[in-house]
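# Fold the following for me, if possible:
(chains A and B)
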Amino acid sequence: MTSLLEPGAAAGPRTGRPRRRRVGTGSRRGVPLPLLLPGLVALAFLLLPLVALLIRAPWGSLPGQLSSTEVWQALQLSLVSATAATAVSLVLGVPLAWLLARTDFPGRGFVRALVTLPLVLPPVVGGVALLLALGRNGVIGTWLDSWFGITLPFTTTGVVIAESFVAMPFLVISVEGTLRAADPRFEEAATTLGASRFTAFRRVTLPLIAPGIAAGSVLAWARALGEFGATITFAGNFPGRTQTMPLAVYLALQNDPEAAISLSLVLLVVSIAVLAALRDRWMTGA
Amino acid sequence: MTRSVRRTRRMLQLAGAGAAALMALSACSSSSDSAKSTDTSASSGASNAQKLSGTVTVFAAASLKESFTTLQQEFEKQHPGTKVTFNFGGSDTLAASITGGAPADVFAAASPKTMKIVTDKKDAVGTPATFVRNQLEIATVPGNPHKVASLNDLTKSGLKVVLCDKTVPCGAAAQKVLDAGHLKLTPASYEQDVKSALNKVELKEADAAIVYKTDVHAAGDKVQGVEFPESAKAVNDYPITLLKNAPNAEAAKAFIAFVQSPEGQKVLSQAGFLKP
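Reported below is the predicted structural model:
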C-alpha cells in the first residue's frame, strides 16, 4: 500500500513524460542529523513490531499449529477469495479506469473522488454499507433474495464482495494513472487505421498499460488478503466458508495468543513474498 | 495532460495512501487516551467524607454498555467533579489490554474466565466480586415469523442462526446449553461479540441469535426475545475488580461500591441482569 506514496509508482510506461531530474544522488556524505535521527526512528518504528512477531513466535509448536485443518481452511479461503476479488476488480475496474481516463463527462472529477472513497472509509463502515445494500434485507439484497433466492451475507461470495469493495479502488487508481501516462495517439492511430475503439483498447491500450495493470492487481490482491473489517461485518465468520486468515488471527487472539502469532507469521510471510515479487518494479528505484 | 492535472492525481494518490496508512494505525488505538486522571485525592487516608475527583476509567464487557452508561450519569451526579469514562468491548480483548498495561481503574468482565486472565497476572486488587449474573435468551426478528419457541427449533434447517464465537463468553455459554441439550447447530456465522450477533438479527440478516437476556432487553422492539429453560445451565457471573495500577483508586472504589449498592443493582436488574 505504501508503494503508492512513491512518486511514479502507478505511472507505468513513461512515454511522453519528461524525465524527472534526479536530486540528491551523490550527496550522501552530508546527511543532516535532523533528518537522519527521525528517519532511523521511523525505520525502527516500522520494523520493530515485525521483528517482535518473529522473536515471540512459538517456533517449537509452530508446525503443529500450522498443520491444523482450521488454519489451512482459513489460508486457502484467504488465497482463493483474494484472487477472486482481484479478478472481479480487473473485470470491472479496468473498464472503469478507462472511462475515467479516456472519456470526458460532467462531474468526472467527482466520480474519481468517489471511486477512492473505499480507501478512506473505515472497512467496518464499508461492511455495514454492504449489509445495507446487499444484505438479505438490504436495498438491493431484498430483490436478490425474493427474485433469485440469492443471499450474500455469510457466504464465500460475500467475502469476495467485501474484499472487492475495499481492493478495487487500488486497481482503478493504479490503472487510471497508467492510462493517463500512456500516449493516446497510439490508440488514435489504430482507429484511423480502421480498428474499432474496443479493438484498439484490446490490441493497443491493454498491452501498453499491462505493467500498470499488473501492479494494480498485486496491490488489490494484497489489500484483499489483509481485509478484515468489511469481511467480518458483511460476511460473518464461519470456518471454511467465510473465516479468512485475518479473522482467524483476530479470534485466535481472544483465547490462544500463540496461535494468533503463528497465523500472523503466515500472513507476514505471504506479504513479504508479494513484496519480493514486486521488487523489480518498485524497489529497484527505476 | 497538463501539469496541474498530474499534480492533482499525485495528491489524490498521496491522500489515498495516507488515509489507508492512518486507517491501519487508528484500528489499533481505539481505547486508552482517556486516563489522564488528575489523581489528587488518593492516599490521604480519609474515608467516605472525602471529596472524590478525577476520571475513573472503567473497562467493561460490551453487554454492560447500556446499564453502565446509566450508572455513570447517576455516579457523576452524586460525586460532582468526577468523570467516568468507559472502554466497552469483548471481555477477552479488555483483559488483554489490561495485562498489556492499559491505564484502567476498574475491570468488569462478562465471565470469571476472562477475569482470571487479569487476576493471574496479579493486575487486580483483592478478589473480584460477582455483581450480576446474565442468562442467555434467543433473539428473533420481530414477530418471530419462524415461530421459534425452543432451543430445539433453532436446529431447523433453513433457519439462519448466528452464535457468538466460542472464544468469547456468550459463545462459550451458548455451546454449553447446546451441549447440555445434545443439540447440533450449524450457525451461519460465529460472531466476534454478542452485540454483532444481535446486530445481524436487528438487520434481519439472520433469523435468530443466542445472546444475553440483557441484550434483547437493550434492543427494544428491534428483536423479540424467546426464553428457553436450558439457559439456566449456563448462567454467566460478572465479576468486577479494582485494578492494581489504577490511576484513580479512590474514585474507582466508590464506583465499584455504587455498582454493588441497592441503587446500582436496581438499574442493573431493570436491564435484565440477575442478582448475584
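
# The closest residue to B:Ala149 other than its chain neighbours: what's it in contact with?
For B:Ala149, ignoring the flanking residues on the chain, the nearest one in space by Cβ to Cβ, 6 or more residues apart in numbering or on different chains is B:Val226 at 6.6 Å. Heads up, the C-betas are built off the backbone N, CA and C, glycines and all. Contacts of B:Val226 were listed using Cβ atoms under 8 Å, 6 or more residues apart in numbering or on different chains, and they are B:137-140, B:144, B:148-150, B:208.

# out of those, who's nearest A:Thr86?
Nearest to A:Thr86 among the contacts of B:Val226: B:Ala208, at 35.5 Å, using Cβ to Cβ.

# give me the number of residues near the closest one?
Using other Cβ atoms under 10 Å in any protein chain shown, B:Ala208 has 27 other residues around it.

# Smallest gap between the stretch 101-250 of chain A and chain B, at which residue?
Chain B sits closest to A:Gly236 of the stretch 101-250 of chain A, with a gap of 2.8 Å, by Cβ to the nearest Cβ.

# Are we agreed that that residue is in a strand?
No - counting by DSSP: H, G, I helix; E, B strand; the rest coil, A:Gly236 is not part of a strand but coil.

# and the closest residue in space to it that isn't next to it in sequence, what are its phi and psi?
With Cβ to Cβ, 6+ apart as the criterion, A:Gly236 has its nearest non-adjacent residue at 2.8 Å, and that residue is B:Ser189. Main-chain torsions, B:Ser189, degrees, to the nearest 10: phi -160, psi 150.

# which residues touch B:Ser189?
B:Ser189 makes contact with A:154, A:235-238, A:242, B:162-163, B:200, B:206, according to Cβ under 8 Å, 6+ apart.

# So, low pLDDT: which residues of the stretch 1-150 of chain B?
Within the stretch 1-150 of chain B, the segments meeting pLDDT under 70 span B:1-50.

# Apply 90 and report the result again.
For the stretch 1-150 of chain B, the stretches flagged by pLDDT under 90 are B:1-53, B:62-63, B:65-66, B:89-94, B:96-97, B:99-103, B:110-111, B:113-114, B:121-122, B:126.

# residues near A:Gly149, how many?
Close neighbours of A:Gly149, defined as other Cβ under 10 Å, add up to 7.

# residue of chain B with the smallest distance to chain A?
At 2.8 Å from chain A, B:Ser189 is the closest residue in chain B, using Cβ to the nearest Cβ.

# where's that residue relative to A:Ser68, distance?
Taking Cβ to Cβ, to the nearest Å as the measure, B:Ser189 falls 20 Å from A:Ser68.

# Check which residues of the top strand by length along chain B are buried.
Ranked by number of residues, the top strand in chain B under DSSP state E is strand B:124-134. Across strand B:124-134, burial judged by 16 or more other Cβ atoms under 10 Å in any protein chain shown covers B:124-125, B:128, B:131-132, B:134.

# Next: stretch B:243-258.
Buried residues in stretch B:243-258, counted by 16+ other Cβ under 10 Å: B:243, B:246-256, B:258.

# those helices in the chain, which residues are they?
Reading this off chain A. Per DSSP state H, chain A carries helices over the ranges A:33-56, A:62-66, A:69-102, A:108-115, A:117-120, A:123-134, A:141-143, A:156-181, A:185-192, A:197-200, A:206-226, A:229-234, A:245-255, A:257-282.

# looking at chain B here, not the other one
Using DSSP H, helices in chain B cover B:3-26, B:65-78, B:91-99, B:112-120, B:169-180, B:194-202, B:213-219, B:249-260, B:262-270.

# got the end-to-end distance for stretch A:234-244?
Terminal residues of stretch A:234-244 lie 13 Å apart, using Cα to Cα, to the nearest Å.

# Contacts made by that stretch with the rest, please.
The contact list for stretch A:234-244, computed with Cβ under 8 Å, 6+ apart, reads A:70, A:73-74, A:77-78, A:81, A:126-127, A:130-131, A:134-135, A:152-156, A:158-159, A:161-162, A:227-228, A:231, A:247, A:251, B:162, B:165, B:187-192, B:200.

# what does stretch B:114-124 give?
The contact list for stretch B:114-124, computed with Cβ under 8 Å, 6+ apart, reads B:61, B:91-92, B:94-96, B:98-99, B:107, B:109, B:127-128, B:169, B:239, B:241-245.

# Can you tell me the centre-most residue of the chain?
By default, I'm working from chain A. Closest to where the C-alpha atoms of chain A average out (Cα atoms, centre = their mean) is A:Ala220, at 2.3 Å.

# um, chain B though
Geometric middle of chain B (Cα atoms, centre = their mean) lands on B:Ala62, at 1.3 Å.

# close enough to count as contact, that residue and B:Thr93?
No - with contact defined as Cβ atoms under 8 Å, B:Ala62 does not count as touching B:Thr93 (9.4 Å).
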